[in-house]
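**Student:** With the input below, show me the fold.
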Amino acid sequence: MNSPSTRPSLGSDLLASLMVAAFSMVVALGYARVFSGWSFVADMVVIVVVGHGVGLLLRRLPLTAWVAVPATALALAWTVLAVYYPETFSWAFPTSDTWTVLGEQLTAARQDFRTAVAPVAYAGGWDVLAAIGLAVAVLLADVFAFRADARAETLVPGGVLFVFVGAVGDERLRLATAVALVGMGVATTATLRGYHAGTGRGQPTTLRRWPVAVAFGVIVALAAGFVGPRLPGADAAPLFETSGRNGGSSQVLSPLVDIQSRITNRSTTELFRVSADAASYWRSSTLPEFDGTTWRPPEDKLQRGDDLIAAAPPASVTRNKQTITIGALGGNVVPAAPDPVQSDPGLPVDDDTSAVQVDGSLAAGDRFNIVSAALVLDAAQLSQPTSIAPPDPIFTQLPDDLPAIVAEKTREVTAGATSSLDAALRLEAWFQGGEFTYSLEVRRGHDKSAIESFLTDRVGYCEQFAGTYAAMLRTLEIPTRVAVGFTWGTEVGDGEYSVLGRNAHAWPEVWFDDIGWLTFEPTPSRGSPNAGSYSPNITPAQDTSATADEIEVATNAAPPLPRSGPIDGGGLDLPDFTEVPDTPTPAPAPQPTSGDGGSSVWLGALALLVVVLGAPGAIRLARHRRRARSVDDQLAYAWHRATNAVASVGVPLEPSDTPLEVAANTARHFPLVTRPMTSLADAVTAATYRAEGSSGFDTAGTYGASPVRDCRNWAKQIDRAAADSMDWQNRVRRYFTTRG
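**Tutor:** So this is what the prediction gives:
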């Protein structure tokens, strides 16, 4: 650490702090790979500014590290709590309610971590967990840069966090964030080298080198962005897949929708609200292509069939008018009841996936108006429907190597079926009949071994049920696809539904000529509310474990003005939405009353780890401060530190050696430190044998440093060089065993 006599100028200190803060902010932007949208950025900016700003202020006072580091840590902790739980504060201080809410949300995030797949909602414990991770990285970076005179080492805490986030995140901005991190890391390291090169004259080394540092960082970043993706193997599959924590090799999920973390995430966070004429499964997207491993959107444009709803008489069509208000839902797809036929201007429906897409990303408070329509099926239509003319051949395609058990079991279950509807109902009843168990504790995916395991073990969750059902019907040449979206949610008012993370769902849809796509439900304990006319034995059902009082509203932001204007009715006698219903009032956020103590165990373990790791250094520093009060004591300690360092790298020393003999041995066996060791030996010899002793060694010279300070710096250089020459095992062993 710089002493007051060599403390850099305010401009140099401020610039170095800004560069380190900029690096921390780039690390924070890496959270874009785990969170949908950008709502996290503002909170991360506050944490970065507070952490590095308080660090700068306490350095300029100046305060010792023993005071400044704990004070910065407390400031960061207070900031995190104040940002996320301000309603639990009393007189600007956290209360017991603050710790209760924090504990429960961290516990929820811990429990969801094993099954969650990015992107997740920036809420429900994930937000504060991300803030804590960044706060720790900011604190360590500031300490390394300005309290431990580090250069490149300053980047390590943030780099570790960035790599971890990238390992569990998705592909969003993967290259861009990595390039930004490399460039800013190079510029920050170069700036810190200039900062620590400042002398007692207060030379503005940092200010002079800053343009070069930034230019060098930009050049390296551009080179990395250009060369990296072109290296051999850059597009290869990862050696170890980290983004699917349950070991599955595929998912019945669409890259167009943001529910990847929610099919197995039991979150009570409100994703959106729907005010509708009738409850429904809210569909986000459909996935028609199946290659034996994954259900996904089609690679090529599909053929379009006849618009059965538009061609039908209005009396045979039922409509469902919906107003959807976004909460914590991310992505760019608005869930809606099947099949959307009318919407706000600027909400196109993708013909291949039935997804209602917005231009940009969804944000809390966005509100959309959609009308969905379906045919009213009569007995004649349901008597003997056929499934021989789907809109596109893709809906019956199967891979050649599909396990034989799929077709065999399908023929066994549907034997005697008189129509495609009869076959679909028999297969649905088989899955729902009690032989299968709904469970989240299973491997994910629909690769070949996963399908065989599912049909053998008969345990799974909606992903397995929906994908396997659709594949089985395709073995009978019956057109199918998989839909992803949400069950109708918790009713919080008359015709108003709060849709939570735990309502995410997947289900199959089956094609019938002159009817269109119908929803079926093979997952036990689930049932569509609008399938009664053709599947009367399946009762509408969903996850009802969350009550209205338990809904976690992710934001209190008021919705923007609605997108208004007349809507093209598409040939139907449907009203426009010039007048939009009042915005649903969000349910109040819960006030947890108790926690399970899991987070306390985590925090206690972390505190114990910090104590264990920091104890050796703290003990050595305390001994040094206690012993090195006089100039003679400081010289003795510097010599002791230097000789211990060179001895640890193999320099032979004898108790009878004079300082000059020690310096000569060091020059032969460890020449890297010849100059500082010789200078230190000369100073110790002079202080020992000259008539005045060490008198005057504490007087600053022409360049601002005193002889005793020079001795301490030489000892520090020798110690650092010795540590740098060791491998990491010996360095760790030396840290924990050297008495100092």
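
**Student:** just how off-centre is the helix or strand containing residue 368 within its chain?
**Tutor:** Residue 368 belongs to strand 367-375 when elements are defined using DSSP states H and E. Offset of strand 367-375 from its chain centre (C-alpha atoms, centre = their mean, to the nearest Å): 33 Å.

**Student:** Keeping just the C-alphas, turn it into PDB.
**Tutor:** Extracted in PDB, the C-alpha atoms of strand 367-375 (Å, rounded to 0.1, in the frame of the first residue of the first chain):
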ATOM      1  CA  ARG A 367     -49.600  -5.100 -21.500                       C
ATOM      2  CA  PHE A 368     -50.900  -6.800 -24.600                       C
ATOM      3  CA  ASN A 369     -54.400  -7.500 -25.900                       C
ATOM      4  CA  ILE A 370     -55.000 -10.800 -27.800                       C
ATOM      5  CA  VAL A 371     -58.100 -12.700 -29.000                       C
ATOM      6  CA  SER A 372     -57.900 -16.400 -29.500                       C
ATOM      7  CA  ALA A 373     -60.500 -18.500 -31.200                       C
ATOM      8  CA  ALA A 374     -61.400 -22.200 -31.500                       C
ATOM      9  CA  LEU A 375     -64.000 -24.200 -33.300                       C
END
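
**Student:** Go through that strand and flag the buried ones.
**Tutor:** 367, 368, 369, 370, 371, 372, 373, 374, 375 (16 or more other C-beta atoms under 10 Å). Heads up, the C-betas are built off the backbone N, CA and C, glycines and all.

**Student:** For this protein, name the helix or strand with the lowest mean pLDDT.
**Tutor:** helix 205-227 (a mean of 52; mean pLDDT, DSSP states H and E).

**Student:** could you point out which element follows that helix?
**Tutor:** Counting by DSSP H and E, what follows helix 205-227 is strand 269-276.

**Student:** Kindly format the C-alpha coordinates of that following strand as PDB.
**Tutor:** Provided in PDB are the C-alpha atoms of strand 269-276 (Å, rounded to 0.1, in the frame of the first residue of the first chain):
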ATOM      1  CA  THR A 269     -42.700 -15.600  -8.700                       C
ATOM      2  CA  GLU A 270     -45.500 -14.100 -10.900                       C
ATOM      3  CA  LEU A 271     -44.400 -14.100 -14.500                       C
ATOM      4  CA  PHE A 272     -47.500 -12.500 -16.000                       C
ATOM      5  CA  ARG A 273     -51.200 -11.900 -15.300                       C
ATOM      6  CA  VAL A 274     -54.100 -12.700 -17.700                       C
ATOM      7  CA  SER A 275     -57.600 -11.100 -17.600                       C
ATOM      8  CA  ALA A 276     -59.500 -13.500 -19.900                       C
END
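
**Student:** quick one: buried residues of the strand or helix carrying residue 713?
**Tutor:** In this assignment (DSSP H and E), residue 713 forms part of helix 707-724. By 16+ other C-beta under 10 Å, the buried positions in helix 707-724 come out as 707-719, 721-722.

**Student:** got a list of contacts for it?
**Tutor:** Identification of contacts with helix 707-724 by C-beta atoms under 8 Å, 6 or more residues apart in numbering yields 3, 631, 634-635, 637-639, 641-642, 644-646, 648-649, 670, 672-673, 676-677, 679-680, 683-684, 694, 696-699, 701, 705, 731, 734.

**Student:** Now a ChimeraX select for only the buried ones of the residues you listed.
**Tutor:** Per 16+ other C-beta under 10 Å, the buried members of the contacts of helix 707-724 correspond to this ChimeraX selection:
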select :631,634,635,637,638,639,641,642,644,645,646,648,649,670,672,673,676,677,679,680,683,684,694,697,705,734
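
**Student:** Can you name every helix or strand that the strand holding residue 368 contacts?
**Tutor:** If contacts are counted by 3 or more C-beta pairs under 8 Å, 6 or more residues apart in numbering; DSSP states H and E, strand 367-375 sits against helix 308-311, strand 317-326, strand 340-343.

**Student:** ok, that strand: who's next to it in the sheet?
**Tutor:** Strand 367-375 has the following sheet partners, assigned by DSSP bridges: strand 317-326 (antiparallel), strand 340-343 (antiparallel).

**Student:** Point out where this protein drops to low pLDDT.
**Tutor:** Scanning the chain for pLDDT under 70 picks out the ranges 1-7, 36, 111-119, 121, 124, 198-267, 440-450, 546-629, 736-740.

**Student:** Domains in this structure, by residue range?
**Tutor:** 4-240, 269-553, 616-737 (automatic domain parsing).

**Student:** which other residues reach stretch 150-166?
**Tutor:** Stretch 150-166 has contacts (C-beta under 8 Å, 6+ apart) with 20, 23-24, 26-27, 30-31, 33-34, 133-134, 136-138, 140-141, 144-145, 174, 177-178, 181, 185, 188-189, 192-193, 196.

**Student:** So which of those are in strands?
**Tutor:** Nothing among the contacts of stretch 150-166 maps onto strands, per DSSP state E.

**Student:** circling back: after the strand holding residue 368, heading C-terminal, what element do we hit next?
**Tutor:** Assigned by DSSP H and E, the successor of strand 367-375 is helix 379-383.

**Student:** one step back: the inter-axis angle of the strand holding residue 368 versus strand 269-276?
**Tutor:** 60 degrees (axes from the mean of the first three to the mean of the last three C-alpha atoms, to 10 degrees).

**Student:** what secondary structure does residue 315 sit in?
**Tutor:** The three-state label given to residue 315 by DSSP: H, G, I helix; E, B strand; the rest coil is helix.

**Student:** let me fix that: residue 505
**Tutor:** Per three-state DSSP, residue 505 ends up strand.

**Student:** With residue 108 instead?
**Tutor:** helix.

**Student:** With adjacent residues omitted, what lies nearest to it?
**Tutor:** Spatially, and ignoring its direct neighbours in sequence, residue 108 is nearest to residue 125 (4.6 Å; C-beta to C-beta, 6 or more residues apart in numbering).

**Student:** again with residue 541
**Tutor:** Residue 541 sits nearest to residue 527 (C-beta to C-beta, 6+ apart), 4.3 Å away.

**Student:** Cool, thanks, signing off.
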